[in-house]
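Asker: Okay, here's the prediction I keep looking at, along with the sequence it came from:
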Amino acid sequence: MNITFNRQLPTPQEIKSMYPLSDELAKKKKANDEEIKKIFTNESDKFLLIIGPCSADREDAVIDYIKRLRKIADEDIVRDEIVIIPRIYTNKPRTTGVGYKGMLHQPNPNEAPDMLKGIIGIRRIHLKTLTETGFSCADEMLYPENHSYLSDLLSYVAVGARSVENQQHRLTASGIELPVGMKNPTSGDISVMLNAIKAAESGHTFIYRGFEATTKGNPLTHAILRGYVNHHGESHENYHYENLIFLANLYDEEHFKNPSVIIDCNHSNSGKKYLEQIRIAKEVLHSTTENEKIKKLVKGLMIESYIEDGNQKIDEGVYGKSITDPCLGWEKTETLIREIASIRKKLKSKK
């Protein structure tokens, strides 16, 4: 094999013992989980907002951003209408495998990869966020066996467009006791996403971290619509009214446990034109007013946002500006969050 085995890495249990979760923080995280779960089981009519940088590139700027989210989340109108889950995406999938792969690989984007420092770094940033803001966050499960390093800290897990057809992702999701969002693949084939949801809802026996493991299935697995790319390489949206009706009808044809969808306002839905996220978010909210099935199906939005607008090259060094996909800056973000909450409140008053 053309592989050099550099060193044996600590197990998840060892890393968790180095950076433990206190009983007090575990209770806070459990309370967050319960509030989020109730949205997917229709026990709560609050709206989810999974929001944050495209990729977590540096601890200080990410936590600064999330502290700003905390202040907005505590405003009366926002707290009454929205549940915010910050994005701390510590693994970055690359279409060609080239480029910055996230904090797990490079805790310092300007230095060489160091997986040991990366594993410690991603646990530390999630733990510090929970400690300092009370938020338990979302991360992408790019590598299924690495989920165990963060399993006691996360409140939401996403499976990306390039991973959704992978068997190990589906089986691991079946053993996670959190909402797991399955994105539609880059080709846009909705059946692939629904098959992934169905697989994750079921129990399985498989190999996980060297063990024969058995799962009971995850009833909180759901869809994420993120747009797609056609065979000419052109981006196409799938957040419009007709797309949501189509998905609702497909859900009706099968016996899914908690039919739900989150709309990703960036990626191919926006053509990576990050300012379009504002318009897309409002269009989705409008669609929920036009059809009861859509209203019940759409549980929230995913938005890529950071301190500064746009993105930059790694060596530019602008604090709080994305080094991967372009994001909404903070001023536009706080305005949008308040607008979403206000729209939701007005919709309720018209009942």
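Answerer: Sure thing, it's come through.
Asker: all strands for this protein, in order.
Answerer: If DSSP state E is used as the criterion, the strands of the chain fall at 47-52, 82-86, 138-140, 156-159, 180-183, 205-208, 211-214, 221-225, 228-229, 235-236, 261-264, 298-304.
Asker: can you tell which of these is closest to L347?
Answerer: Each of the strands of the chain has some distance to L347 by CB to CB; the shortest is strand 47-52, at 9.9 Å. (Each C-beta comes from the backbone N, C-alpha and C, glycine too.)
Asker: Now for I278: which residues touch it?
Answerer: With contacts defined as CB atoms under 8 Å, 6 or more residues apart in numbering, I278 is in contact with L328, K332, L336.
Asker: quick revisit: output the strands of the chain in a markdown table; the columns should cover mean pLDDT, mean neighbour count and distance to L130.
Answerer: Below are the strands of the chain laid out as a markdown table (pLDDT from 0 to 100; neighbours: other CB atoms under 10 Å; distance: least, CB to CB, whole Å):
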| stretch | mean pLDDT | mean neighbour count | distance to L130 |
| --- | --- | --- | --- |
| strand 47-52 | 98 | 26 | 14 |
| strand 82-86 | 98 | 23 | 10 |
| strand 138-140 | 98 | 24 | 13 |
| strand 156-159 | 98 | 25 | 13 |
| strand 180-183 | 98 | 28 | 19 |
| strand 205-208 | 98 | 14 | 25 |
| strand 211-214 | 98 | 11 | 27 |
| strand 221-225 | 98 | 27 | 23 |
| strand 228-229 | 96 | 20 | 34 |
| strand 235-236 | 94 | 14 | 35 |
| strand 261-264 | 98 | 26 | 22 |
| strand 298-304 | 98 | 26 | 20 |
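Asker: Please name whichever of the ones you listed is nearest to F5.
Answerer: When the strands of the chain are compared for distance to F5 using CB to CB, the nearest one is strand 205-208, at 19.5 Å.
Asker: Residues touching that closest one, excluding its own?
Answerer: Counting contacts by CB under 8 Å, 6+ apart, the residues touching strand 205-208 from outside are P144, E145, Q168, L171, T172, G175, E212, A213, T214, T215.
Asker: picking that back up, quick one, which of the strands of the chain is nearest to L150?
Answerer: Put simply, out of the strands of the chain the one that sits nearest L150 is strand 138-140, at 6.2 Å, with distance taken as CB to CB.
Asker: ok, E331 - contacts?
Answerer: Under the criterion of CB under 8 Å, 6+ apart, E331 has no contact partners.
Asker: So it versus I340, what's the distance?
Answerer: Here the criterion is CB to CB, to the nearest Å. By it, E331 lies 15 Å from I340.
Asker: re earlier: mind putting the contacts of strand 205-208 in TSV, distance to R68 included?
Answerer: Converted to TSV, those look like this (distance: CB to CB, whole Å):
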residue	distance to R68
P144	32
E145	33
Q168	36
L171	37
T172	32
G175	34
E212	45
A213	39
T214	42
T215	37
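Asker: just the helices in the stretch 101-250 of the chain please.
Answerer: Secondary structure of the stretch 101-250 of the chain (DSSP state H, counting those that start in this stretch): helices at 115-133, 167-173, 190-201, 241-253.
Asker: any idea which of those helices is most buried?
Answerer: Ranked by average neighbour count under the criterion mean count of other CB atoms under 10 Å, these are headed by helix 167-173 at a mean of 22.
Asker: thought E304 was touching N269?
Answerer: No. Using CB atoms under 8 Å, E304 and N269 do not qualify as a contacting pair, with a distance of 10.9 Å.
Asker: Show me how far stretch 139-157 is from its chain's centre.
Answerer: Here stretch 139-157 is found 11 Å from its chain centre; the criterion is CA atoms, centre = their mean, to the nearest Å.
Asker: can you pull the buried residues of it?
Answerer: Under the neighbour-count criterion of 16 or more other CB atoms under 10 Å, stretch 139-157 has 139-142, 144, 146-150, 152-157 buried.
Asker: go on, stretch 7-20?
Answerer: Residues P12, I15, K16 are the ones in stretch 7-20 that count as buried (16+ other CB under 10 Å).
Asker: so the last one makes contact with D152?
Answerer: The reference is to K16. Yes. In this structure, K16 is within contact of D152 by CB under 8 Å, at 6.8 Å.
Asker: Report how many residues lie close to the closest residue to Q277 other than its chain neighbours.
Answerer: In space, Q277 comes closest to C265 once its chain neighbours are excluded; the distance is 4.0 Å by CB to CB, 6 or more residues apart in numbering. Counted with other CB atoms under 10 Å, the neighbours of C265 add up to 29.
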